[in-house]
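*Asks:* For reference, the sequence and a predicted model appear below.
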Amino acid sequence: MYTKILERLNVLGANTDAVSPEKSFAENWKSLTFSNYLYDKEWDVYGIDQFYENNRVLYSSDKEVFYINLLEHYFSNHEQFYGQHFYKDWLFTPFKEDSKDFGELEGFVEENEIWETVQGTEMEFICIFYSYGYPDHYFVCLTDPDQNNPTVYGTDHENYFEEIENEGNLETFLEKYMTKEEFQEVVKEYLEEKFGK
């Protein structure tokens with residue numbers, strides 16, 4: 001992976017210490033660990049009104065602690081749906097004989113149809129992120145011609161691989177996610193507009 005991609009992953013909360021130039025993209029991606037969820041820049045402040053209501057006194061008395069608590073809450077492992085994206089690292093090989101996924105897309109989409117959109121010599125994938133939005137799965141082709149900065153493809157569970165969107169290369173794709181600082185700024189602007197400073 002390119003240095004810029006590793007730097008972006010680190011800023012977004014990933015630990016990239018185990019990444020190595022000797023490893024394949026899939027091996028490197030599987031070696032990442034994330035300590036938090038991700039929120040894209042089109043995030044719609046899910047749950048912020050409730051968080052504010054539960055912490056209104058703190059917001060009035062100590063905004064700095066309020067925002068520290070907010071970031072800890074939103075960027076921790078929890079079961080609440082806030083429109084976050086989740087790091088994933090599972091392989092999907094629906095056209096590889098003897099794989100656990102072999103034939104999973106049979107009757108829905110043919111391998112040659114996927115080749116119309118996806119670059120790669122074999123239609124074997126790794127899921128890199130999952131979300132509750134549309135599309136809800138993001139994949140990279142394991143045989144993408146640029147293993148340092150592969151193309152990301154989005155598809156949705158409703159029409160799995162029947163519709164595939166090219167989301168750009170990984171470096172560009174990762175720019176869609178907010179850093180904690182950007183997230184805080186979005187929330188701050190929203191709360192100040194809604195409830196005043």
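*Replies:* In hand now; what should we look at?
*Asks:* Who are the packing partners of the longest helix anywhere in the chain?
*Replies:* In the chain, with assignment by DSSP state H, the single longest helix is helix 180-195. The helices and strands touching helix 180-195, judged by 3 or more C-beta pairs under 8 Å, 6 or more residues apart in numbering; DSSP states H and E, are helix 48-54, helix 63-74. In short, each C-beta sits where N, CA and C put it, glycine included.
*Asks:* who's in contact with that helix?
*Replies:* 13, 36, 39, 41, 43, 45, 48-49, 52, 59, 67, 70-71, 74-75, 178 (C-beta atoms under 8 Å, 6 or more residues apart in numbering).
*Asks:* Pull out the buried members of the residues you listed.
*Replies:* 13, 36, 39, 43, 45, 48, 52, 59, 67, 70-71, 74-75, 178 (16 or more other C-beta atoms under 10 Å).
*Asks:* show me the residues around the residue nearest the centre of the chain that make contact.
*Replies:* Residue closest to the mean C-alpha point of the chain, counted by C-alpha atoms, centre = their mean, is F129 at 4.0 Å. F129 makes contact with L38, H85, F86, Y87, K88, H137, Y138, according to C-beta under 8 Å, 6+ apart.
*Asks:* one more time with 7 Å
*Replies:* F129 sits next to H85, F86, Y87, K88, Y138 when contact means C-beta atoms under 7 Å, 6 or more residues apart in numbering.
*Asks:* The last one contacts F125, correct?
*Replies:* No - using C-beta atoms under 7 Å, Y138 makes no contact with F125, being 9.9 Å away.
*Asks:* Dump the helices and strands packed on helix 180-195 to a markdown table, plus mean pLDDT and distance to F81.
*Replies:* Shown next, in a markdown table, are the helices and strands packed on helix 180-195 (pLDDT from 0 to 100; distance: least, C-beta to C-beta, whole Å):
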| stretch | mean pLDDT | distance to F81 |
| --- | --- | --- |
| helix 48-54 | 95 | 12 |
| helix 63-74 | 96 | 12 |
